[in-house]
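Asks: Structure for this input, please:
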Amino acid sequence: MSYEKRLSMLVMLDIMIIWFSIMTSYVLRFDGQIPSSTLTQAMLYGVISSIVCFLTMRYFKLYNRVWQYASVHEIVAIFKSVTIGVIISYALVYLFTLQRVPLSVMLRNYETLMLMIGGSRFAWRIVRDRFFLKPRETKKHALIYGAGDCGAMIAKEMLNQPDAELYPIAFIDDDKTKHKQRIHDLPVIGSRKNISDLVHKMNIHEIVIAIPSLSKKEIAEIIEVCKSTKAKLKIIPRLNDLINGKVTVKEIREVEVEDLLGRDPIKVDLEGIANYVENKMVLITGAGGSIGSELCRQIAPFHPKCLLLLGHGENSIYNIEMELRRKYPALPIETVIADIQDRERINEVFQTFRPEVVFHAAAHKHVPLMERNPAEAIKNNVFGTKNVAEAADRFESERFVLISTDKAVNPTSIMGTTKRIAEMIVQTLDKTSKTKFVAVRFGNVLGSRGSVIPYFKQQIALGGPVTVTHPDMIRYFMTIPEAVQLVIQAGTLAQGGEVFILDMGEPVRIVQLAEDLIRLSGFEPYEDIEIEFSGIRPGEKLFEELLTDEEGIGSTKHDRIFIGKPTFVNQSQLEFELKKLERVLIEDRAMIREYLKSMVPSYLNVS
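Replies: Prediction:
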């Protein structure tokens, strides 16, 4: 229906209500017989009221509101328009006739107008809610955790949206003062300790955590309680992730494994980071990868002079370039397609752009693949790193940050061993270079390419089974943004030659991770989705370490970053061994593992 037709219908309805209200008020005042002397006054009162009330309703925008979503604001608008309209009409009748409208008529007219005009508006919402909204029997039952403002808004959205798949059944809240109260006619029926019983008794399909102000630790604790049920978990994003505090059903997201880690946001020294990145030429190798692209995203706001995105894959570099140009249109960006194994090309890049800060994230990281392709791991992770690091030294970059891995400690894989040699290369260069060379070592990151999480999710989506290599397999996990924030922060602490170790939190059993993912997906492990153990793959070990025996550990001024004491590496000896390694790649690849063992004595070849 067009606005003009809708306006005409509402105006006609309101005029009818006004005349009905006034005439019935006079009839009741005079016991059914309005005196002829008073009839003229009643007619004038009706005309004036029709005009004045129409104007006050237009002023308070009663004809511009969508009444199917009517709430307290609409009630207030009706109250103001009717009250002001009746008072002005009463006064104008007196001015024109010098006779007062009987007070009982005015009061009865006021009451009737409030009831009928308000009732006519809210009737559509009542009819819509009862007859047009999707019946609750066809929707999934939702239990809302949090009976505050956010929870109330979410419940209202669910109740009002015809296409919403969830129907709120009740609230739970740890604040006992809210228990036994009702919000949108839904009861607040307990706290987190009642979740298991309530899910079973009320046939709850999904639990929505609707307290966006909770810390990550508190969220993790709540999720731990909810995991004991078969209900699927959803969560409202944190307040700073919502636009102007707006909360709708669309902002509800699935609970992710990241929420289970329970780590609070990282404290970042913004001034320290700006001091070494702002107005500097910053090069990021592997800029299209998981870590490299996040480095780009987090460095961009610090106003580098230019951001150099170097990568071997054109599609991934194009994607991150387009994303950055969209978000930071004023940021100078240069894209460089290059292979770090090409020494001449890397020197050309450094000579052309003279990067002052280098983040070296380019590497082959997939452990089983590198076990089957050891020569490629060496060419990329060892000699590729050597090319970039030596170019940084030659062209006098200020800082060089190597992204390393916990798999470099007492390595059992080709990948880990090559990353340990990469650390040795930058440590030896630091002794003679003007450039500050450092390495940052951390464990697995959630959501990276080749990460176990997307693989598990894919298996769950296919109905299982979920494959885990070993029931005792343990890994450290960190989100990509967490890891990158700490990598950038470590750059502020660099004096040269250090290996920084990031606090990865508590280690996680992989089988526990698989079980949690299955539960978060609304299934029961070993019942709905099986977990199978496939055996440890080549190059893997049951647990990772963050430090070698020789390094020890020291603290820094940041509580999430530690420092491994630099180990002595003879530069001339390392150069000699690297040249021999080059010859091994050319002449006798069958000896690769044995020669790596001679370079990294802690390497335990388990293949």
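
Asks: can you pull the buried residues of the strand or helix carrying residue 387?
Replies: Assigned by DSSP states H and E, residue 387 belongs to helix 385-394. Neighbour counts over helix 385-394 (16 or more other C-beta atoms under 10 Å) mark 385-393 as buried. From N, CA and C alone the C-beta is placed, and that goes for glycine too.

Asks: before we move on, what about stretch 182-192?
Replies: Buried, per 16+ other C-beta under 10 Å, within stretch 182-192: 183, 186, 188-191.

Asks: Could you list the low-pLDDT ranges of the stretch 1-150 of the chain?
Replies: Confidence mapping of the stretch 1-150 of the chain against pLDDT under 70 gives the ranges 1-3, 66-71, 124-138.

Asks: I figured residue 603 was touching residue 417, is that so?
Replies: Yes: using C-beta atoms under 8 Å, residue 603 is in contact with residue 417, at 4.7 Å.

Asks: so what sits against both of those two?
Replies: Shared contacts of residue 603 and residue 417, defined by C-beta atoms under 8 Å, 6 or more residues apart in numbering, comprise 411, 596.

Asks: And those two? Which one has more around it.
Replies: Neighbour totals were compared for residue 603 and residue 417, and residue 417 leads with 30 against 20 (other C-beta atoms under 10 Å).

Asks: mind listing what the more buried one touches?
Replies: Counting by C-beta under 8 Å, 6+ apart, residue 417 has contacts 408, 411, 596, 599-600, 603.

Asks: redo that, cut-off 10 Å
Replies: Each residue near residue 417 by C-beta atoms under 10 Å, 6 or more residues apart in numbering is listed here: 370, 374, 377-378, 381-382, 407-408, 411, 539, 592-593, 596-597, 599-600, 602-605.

Asks: Look at residue 219 and give its secondary structure.
Replies: Using DSSP: H, G, I helix; E, B strand; the rest coil, the structure places residue 219 in helix.

Asks: so how far is residue 198 from it?
Replies: Distance of residue 219 to residue 198, given as C-beta to C-beta, to the nearest Å: 19 Å.

Asks: same question, residue 373
Replies: Taken as C-beta to C-beta, the span from residue 373 to residue 198 is 53 Å.

Asks: who's more crowded, these two?
Replies: residue 198 (19 against 15).

Asks: still on that earlier bit, any idea which of the buried residues of stretch 182-192 is closest to residue 274?
Replies: residue 191 (44.5 Å; C-beta to C-beta).

Asks: Give me the neighbour count for the nearest residue to the closest one once chain neighbours are set aside.
Replies: Nearest residue to residue 191 in three dimensions, chain neighbours excluded: residue 174, at 4.7 Å (C-beta to C-beta, 6 or more residues apart in numbering). The tally of other residues near residue 174 (other C-beta under 10 Å) stands at 16.

Asks: oh, and call the first residue 12 from now on, that's how I've got it
Replies: All set: I'll call the first residue 12, so the last point we hit is now residue 185.

Asks: what residues are up against residue 185?
Replies: By C-beta under 10 Å, 6+ apart, residue 185 lies in contact with 156-158, 201-204, 222, 229, 233.

Asks: Check the secondary structure at it for me.
Replies: coil.

Asks: That one and residue 351, how far apart?
Replies: Taken as C-beta to C-beta, the span from residue 185 to residue 351 is 53 Å.

Asks: And residue 391, by the same measure?
Replies: 7 Å.

Asks: So those two - more neighbours on which side?
Replies: Legend: neighbour count by other C-beta under 10 Å for residue 391 and residue 351, higher for residue 351 (26 against 22).

Asks: residues contacting that one?
Replies: 296-297, 321-323, 357, 360, 371, 373-374, 390-392, 394-399, 402.

Asks: In terms of helices and strands, where is it?
Replies: Using DSSP H and E, residue 351 falls outside every helix and strand.

Asks: Okay, the residue lying closest to it once chain neighbours are set aside and residue 382: tell me how far apart.
Replies: Closest residue to residue 351 apart from its sequence neighbours, by C-beta to C-beta, 6+ apart: residue 395 at 3.6 Å. Noted for residue 395: a distance of 19 Å to residue 382, by C-beta to C-beta.

Asks: Quick check on these two: which one has the bigger neighbour count.
Replies: residue 395 (26 against 21).

Asks: which residues sit in contact with the more buried one?
Replies: 296-297, 323, 350-354, 357, 371, 373-375, 389, 429, 433.

Asks: where does residue 401 land on pLDDT?
Replies: Looking at residue 401, its pLDDT reads 97.

Asks: circling back to that earlier point, just send the buried residues of helix 396-405 back as CSV, with distance to residue 125 too.
Replies: Output for these, formatted as CSV (distance: C-beta to C-beta, whole Å):
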residue, distance to residue 125
396, 78
397, 83
398, 81
399, 77
400, 80
401, 84
402, 80
403, 78
404, 83
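
Asks: Go through the residues you listed and say which is closest to residue 243.
Replies: Of the buried residues of helix 396-405, the one sitting nearest to residue 243 (C-beta to C-beta) turns out to be residue 396, at 44.2 Å.

Asks: Next up, phi/psi of the closest residue to that closest one other than its chain neighbours, please.
Replies: Leaving aside its sequence neighbours, residue 396 sits nearest to residue 433 (C-beta to C-beta, 6+ apart; 4.1 Å). Taking degrees, to the nearest 10, you get phi -60, psi -40 for the backbone angles of residue 433.

Asks: if I pick residue 433, what's in contact with it?
Replies: Here residue 433 is in contact with 371, 374, 391-397, 399-400, 413-416, 419, 450 (C-beta under 10 Å, 6+ apart).

Asks: where do the strands sit along the stretch 162-311 of the chain?
Replies: For the stretch 162-311 of the chain, applying DSSP state E, counting those that start in this stretch gives strands covering 177-183, 193-194, 197-198, 217-220, 243-246, 264-265, 292-296.

Asks: same for the longest one, what does it pack against?
Replies: Spelled out, it's strand 177-183. strand 151-156, helix 160-171, strand 193-194, strand 197-198, helix 206-212, strand 217-220 (3 or more C-beta pairs under 10 Å, 6 or more residues apart in numbering; DSSP states H and E).

Asks: what stretches of the stretch 212-361 of the chain score poorly on pLDDT?
Replies: Ranges of the stretch 212-361 of the chain meeting pLDDT under 70: 248-281.

Asks: all helices for it, in order.
Replies: 227-237, 268-272, 281-288, 301-310, 325-338, 354-364 (DSSP state H, counting those that start in this stretch).

Asks: which one of those helices is the most hemmed in?
Replies: helix 301-310 (a mean of 23; mean count of other C-beta atoms under 10 Å).

Asks: quick one: that helix to helix 325-338, angle?
Replies: 20 degrees (axes from the mean of the first three to the mean of the last three C-alpha atoms, to 10 degrees).
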